[in-house]
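Undergrad: model the following, please.
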Amino acid sequence: MHRWQKAVVGVVVLAGMAFGAMWLTGNLFANPLPKGRTAPDFTLPDQDGKRHRLSAYRGKTVVLAFYPADMTPGCTMEMRSLNAALPQFKQMGIQVFGISVQDVRSKREFCDREGLQFSLLADVGGKVARQYGVLAPAGIAQRVTFIIDPKGQISHVITNVNVGAHGEQVLALLGKQPAGQALANWKAQLGKPIPDFQLPRADNGKMESLYGDRKQKATVVMFIATRCPISNDYNERMRTIAQEYMAKGVRFVGINSNVIEPVEEVAAHAKQNGFPFPVLKDEGNKIADHFDAQFTPEIFVLDAKGVLRYHGRIDDSQNPANITSHDLRDALDALLAGKNPPRAETKAFGCTIKRAR
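TA: So this is what the prediction gives:
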């Protein structure tokens, strides 16, 4: 090989390495707008074709996460991380947008594949990325996140994006606020609101939020198990009660926090018993710890505002023939009638939740 050919190969290799670094970090050529500048206004469509105008969100903090491309490894990790932190963002009143140059159809495919529940904006042509100083020479957005304050000013610029933990990275910046710190350490208490959270569904792995995507008249959280004989004796009752009250606008969510019961087993158990509600897997029993749940089954009932109104058992007997107190039904009937449950707390009984050590 001639000397000039070697030189050309060297340039090509270096260029390839540089582009690879940009694809992963997204900020090799970044010259983003600085902190303190007014965020340029824009209007872009999301994955459903809905158009969002940035200035319409004045009064709220906005997270605007530019990323290179839909469904690429680094971008998938980044969007998953933001999606996992979405309940905390919602509780703090923060609006989150992802934005890249791919079109609406690509955004829809990305959201469907990953179960993303926030808006991805289609900046076809890169006009908005150019306005924010993050359009790369290759025509894709660089990986830079802007945090825009309620007055429309850029309050933070993140160029060193940690794709695997970007949600936590953003929350850490905003978590200096007392509300963010309190949110991370919540404990379920009667008469207090329960913050929204997400867990993966056992059947397909997609993230599911506690409150779902529409307003409910009440929400029932049920800690259940696959191997506990007491919990299994309640399977038919849980299915029947859920079917009856879901028709009245009540949301039911099953949660499995047992470390000894793998997700495949949880999914098969839910399918076998015909549960009409999502069953979520609480790996590491973090949500069980927030609720201080100890048994399967153990029930928590939240009103339309997410306030915990009832905690305890489904009823007072494992044997259906010996039931004298229908506690869960009584609590739901009262809430649907606009009243407080006749008993706010009863003693749950069943198998203890097998926690991770």
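
Undergrad: C-alpha only now, for contacts and for neighbours.
TA: OK.

Undergrad: report the rounded mean pLDDT for stretch 347-357.
TA: The pLDDT scores in stretch 347-357 average 94.

Undergrad: CA-only coordinates of that stretch in PDB, if you can.
TA: The C-alpha coordinates for stretch 347-357 follow below in PDB (Å, rounded to 0.1, in the frame of the first residue of the first chain):
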ATOM      1  CA  LYS A 347     -55.600  -7.000  59.600                       C
ATOM      2  CA  ALA A 348     -54.200  -8.700  56.400                       C
ATOM      3  CA  PHE A 349     -53.400 -12.300  56.600                       C
ATOM      4  CA  GLY A 350     -51.600 -14.800  54.200                       C
ATOM      5  CA  CYS A 351     -48.100 -15.800  53.300                       C
ATOM      6  CA  THR A 352     -45.300 -13.400  54.100                       C
ATOM      7  CA  ILE A 353     -43.700 -11.700  51.100                       C
ATOM      8  CA  LYS A 354     -40.300 -13.300  50.300                       C
ATOM      9  CA  ARG A 355     -38.000 -10.300  50.000                       C
ATOM     10  CA  ALA A 356     -34.600  -9.900  48.400                       C
ATOM     11  CA  ARG A 357     -31.800  -9.700  50.900                       C
END
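
Undergrad: for that stretch, buried residues please.
TA: Buried residues in stretch 347-357, counted by 16 or more other CA atoms under 10 Å: Ala348, Phe349, Gly350, Cys351, Ile353, Lys354, Arg355.

Undergrad: same thing with stretch 48-56?
TA: Using 16+ other CA under 10 Å as the test for burial, stretch 48-56 gives His52, Leu54, Ser55.

Undergrad: what sits up against it?
TA: Asp41, Phe42, Thr43, Leu44, Pro45, Asp46, Val104, Arg108, Gly152 (CA atoms under 8 Å, 6 or more residues apart in numbering).

Undergrad: try stretch 340-354
TA: Identification of contacts with stretch 340-354 by CA under 8 Å, 6+ apart yields 190, 228-231, 257-260, 293-299, 309-314, 327, 330-335.

Undergrad: just the ones of these in strands?
TA: Of those, the ones assigned to strands by DSSP state E are Phe295, Thr296, Glu298, Ile299, Arg309, Tyr310, His311, Gly312.

Undergrad: excluding its backbone neighbours, what's nearest Asp46?
TA: Once flanking residues are discounted, Asp46 sits nearest to Leu121: 4.4 Å by CA to CA, 6 or more residues apart in numbering.

Undergrad: any idea of the mean pLDDT in the helix or strand where that neighbour lies?
TA: For Leu121, the element it lies in under DSSP states H and E is strand 119-122. The average pLDDT within strand 119-122 is 98.

Undergrad: am I right that Ile94 is in contact with Val62?
TA: Yes: counting by CA atoms under 8 Å, Ile94 touches Val62, with 5.8 Å between them.

Undergrad: now for the two: what residues contact both?
TA: By CA under 8 Å, 6+ apart, no residue touches both Ile94 and Val62.

Undergrad: next SSE after the lowest-mean-pLDDT helix or strand in the chain?
TA: In the chain, no helix or strand scores lower on mean pLDDT, DSSP states H and E than helix 3-25, which sits at a mean of 40. Using DSSP H and E, the helix or strand that follows helix 3-25 in sequence is strand 43-45.

Undergrad: what pairs with the helix or strand just after that next one, parallel or antiparallel?
TA: Using DSSP H and E, the helix or strand that follows strand 43-45 in sequence is strand 51-53. Taking DSSP bridges as the criterion, strand 51-53 sits next to strand 43-45 (antiparallel) in its sheet.

Undergrad: now the partner strand: buried residues?
TA: Leu44, Pro45.

Undergrad: ok, back up a step: buried subset of the contacts of stretch 340-354?
TA: For the contacts of stretch 340-354, a burial check counting by 16+ other CA under 10 Å picks out 190, 228, 230-231, 257-259, 293-299, 309-314, 327, 330-333, 335.

Undergrad: show me how far stretch 159-166 is from its chain's centre.
TA: 17 Å (CA atoms, centre = their mean, to the nearest Å).

Undergrad: same question, stretch 350-357
TA: Computed by CA atoms, centre = their mean, the chain-centroid distance of stretch 350-357 equals 25 Å.

Undergrad: now swap in stretch 60-78 and tell me
TA: That offset, for stretch 60-78, works out to 15 Å (CA atoms, centre = their mean).

Undergrad: list of residues touching that stretch?
TA: With CA under 8 Å, 6+ apart, stretch 60-78 has contacts from 23-24, 26, 93-102, 106-107, 110, 114, 129, 134, 140-151, 162-167.

Undergrad: let's see that with 7 Å instead.
TA: Contact partners of stretch 60-78, identified using CA atoms under 7 Å, 6 or more residues apart in numbering, comprise 23-24, 26, 93-100, 102, 106-107, 110, 140-150, 163-164, 166.

Undergrad: in it, what's buried?
TA: Judged by neighbour count (16+ other CA under 10 Å), stretch 60-78 contains these buried residues: 60-71, 74-78.

Undergrad: swap in stretch 229-247?
TA: Ile230, Ser231, Asn232, Tyr234, Asn235, Met238, Arg239, Ala242, Gln243, Tyr245, Met246.

Undergrad: out of these, which are inside helices?
TA: Of the positions in these, Ile230, Ser231, Asn232, Asn235, Met238, Arg239, Ala242, Gln243, Tyr245, Met246 sit in helices, assigned by DSSP state H.

Undergrad: turn the residues you listed into a markdown table, including distance to Gly125 and pLDDT.
TA: A markdown table is the format used below for these (distance: CA to CA, whole Å; pLDDT from 0 to 100):
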| residue | distance to Gly125 | pLDDT |
| --- | --- | --- |
| Ile230 | 59 | 98 |
| Ser231 | 55 | 98 |
| Asn232 | 56 | 98 |
| Asn235 | 53 | 98 |
| Met238 | 52 | 98 |
| Arg239 | 50 | 98 |
| Ala242 | 48 | 98 |
| Gln243 | 48 | 98 |
| Tyr245 | 49 | 98 |
| Met246 | 45 | 97 |
